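In: can you look at this prediction? I've put the sequence above it.
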Amino acid sequence: MERKDFIRLSSLGFLGLYSCGVSNLNMNKKPLAIQLYTVRDSIANNLEKTFEKLAELGFTTFEIYGYDGKFFGKTAKEFKHILSAHGLKVISSHHQTGITNLKDGTLLKNWNTTLDDLSIIGSTYAVCSYLPEAERTLENYKKLPEILENAGNLSKRNGIQLAYHNHDFEFLKMDERNNFYDYILENTSSDAVKMELDLYWISKAGLDPLLYFEKYPKRFPLWHVKDMKAGTKDFAEIGNGTLDFKKIFEAREKAGLKHWFLEQDSSDKDIFDSIKMSKKYILEHSYFNET
């Protein structure tokens, strides 16, 4: 700030506000991001009010869920308008395969249309989010790499990166050599199919994220960041559980991290209170915000 501006701001009593703004900018090198599934009950009640509450908390970047040809009942253009009105941005969107539930928004039905709509709202990632229990068979797991590869190649041609999001069941043994997660990684190309690593679920399965970063470097541009209670292994606010986030985030370059999202699937508190607790911990620990 030039001296004349400093004097002018001081005389008007605005210097404190200016300093506060600079401090906030330094603390938030990247916008806070959240997977909207965290606040699904609030969204079901009032979409725009939920967005306003998240924006007030500093969460202006989203990963979304539930696209079925519309975004929360809105067309792509309508949803884009809502995002713009609140100063919000979508980075990523969750989708299922369609193997057992073939409907719009899945990888196997009208995927081109889905990609068109994601492009309209500005999303740069599409993520295969979850395998329903009926899809967790050996036969379906063997089909999955081809489904992901085909959807991933089509996505790339449309300027969108496909990724796969894990829970804990992917880490069950497929055969003597592989678990299902390794099978997906080893039978898809690193260009067409990236991974969105859920730090809670891989930890609940008893595996170390750092070993996967070493084995498959640069394959994990997206993370879900959430914590796990000691003993019960229930979901916890970030900082209220057992995960060593400092150690994990120190490996961000090896992993190829580009974006991470706060997520908490459930809470024993009001979910917005949980979000505030996680936010406080995030802002108090610089490694979350390093680039």
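Out: Here it is on my side, so go on. Numbering: from 1, shown residues only.
In: could you pull out the strands for the stretch 101-250 of the chain?
Out: 125-128, 161-165, 193-198, 222-225, 227-228, 235-236 (DSSP state E, counting those that start in this stretch).
In: what would those strands look like in JSON lines with distance to residue 148 and mean pLDDT?
Out: Any C-beta I mention is one placed from the backbone N, CA and C, and that applies to glycine too. JSON lines is the format used below for these (distance: least, C-beta to C-beta, whole Å; pLDDT from 0 to 100):
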{"stretch": "strand 125-128", "distance to residue 148": "6", "mean pLDDT": "99"}
{"stretch": "strand 161-165", "distance to residue 148": "6", "mean pLDDT": "99"}
{"stretch": "strand 193-198", "distance to residue 148": "5", "mean pLDDT": "98"}
{"stretch": "strand 222-225", "distance to residue 148": "15", "mean pLDDT": "98"}
{"stretch": "strand 227-228", "distance to residue 148": "27", "mean pLDDT": "98"}
{"stretch": "strand 235-236", "distance to residue 148": "27", "mean pLDDT": "98"}
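In: reformat these as TSV; add distance to residue 81 and mean neighbour count.
Out: Shown next, in TSV, are the strands of the stretch 101-250 of the chain (distance: least, C-beta to C-beta, whole Å; neighbours: other C-beta atoms under 10 Å):
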stretch	distance to residue 81	mean neighbour count
strand 125-128	21	24
strand 161-165	25	23
strand 193-198	27	25
strand 222-225	26	24
strand 227-228	35	20
strand 235-236	33	22
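In: make CSV out of those strands and add distance to residue 37.
Out: Listed next are those as CSV, based on distance: least, C-beta to C-beta, whole Å:
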stretch, distance to residue 37
strand 125-128, 12
strand 161-165, 11
strand 193-198, 11
strand 222-225, 10
strand 227-228, 16
strand 235-236, 12
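In: same for the lengthiest helix in the chain, what does it pack against?
Out: When the chain is scanned for its longest helix (criterion: DSSP state H), the result is helix 138-157. Packing contacts for helix 138-157, counted by 3 or more C-beta pairs under 8 Å, 6 or more residues apart in numbering; DSSP states H and E, involve helix 111-121, strand 125-128, strand 161-165, helix 180-186, strand 193-198.
In: could you list the buried residues of that helix?
Out: 140, 141, 144, 145, 147, 148, 149, 151, 152, 154, 155 (16 or more other C-beta atoms under 10 Å).
In: do the same with stretch 230-247
Out: 235, 236, 237, 238, 241, 243, 245.
In: could you do stretch 209-224 as well?
Out: 209, 212, 213, 216, 219, 220, 221, 222, 223, 224.
In: now the fifth one: how far from residue 230?
Out: Right, residue 219. 29 Å (C-beta to C-beta, to the nearest Å).
In: same deal with the fourth one?
Out: According to C-beta to C-beta, residue 216 stands 29 Å off from residue 230.
In: and residue 62, what element?
Out: strand 59-64 (DSSP states H and E).
In: just for this structure, where's the confidence low?
Out: Low-confidence segments of the chain (pLDDT under 70): 1-29, 291.
In: tell me the SS of the spatially most central residue of it?
Out: Nearest to the mean C-alpha position of the chain, counting by C-alpha atoms, centre = their mean, stands residue 261 at 4.0 Å. The assignment at residue 261 comes out as strand when based on DSSP: H, G, I helix; E, B strand; the rest coil.
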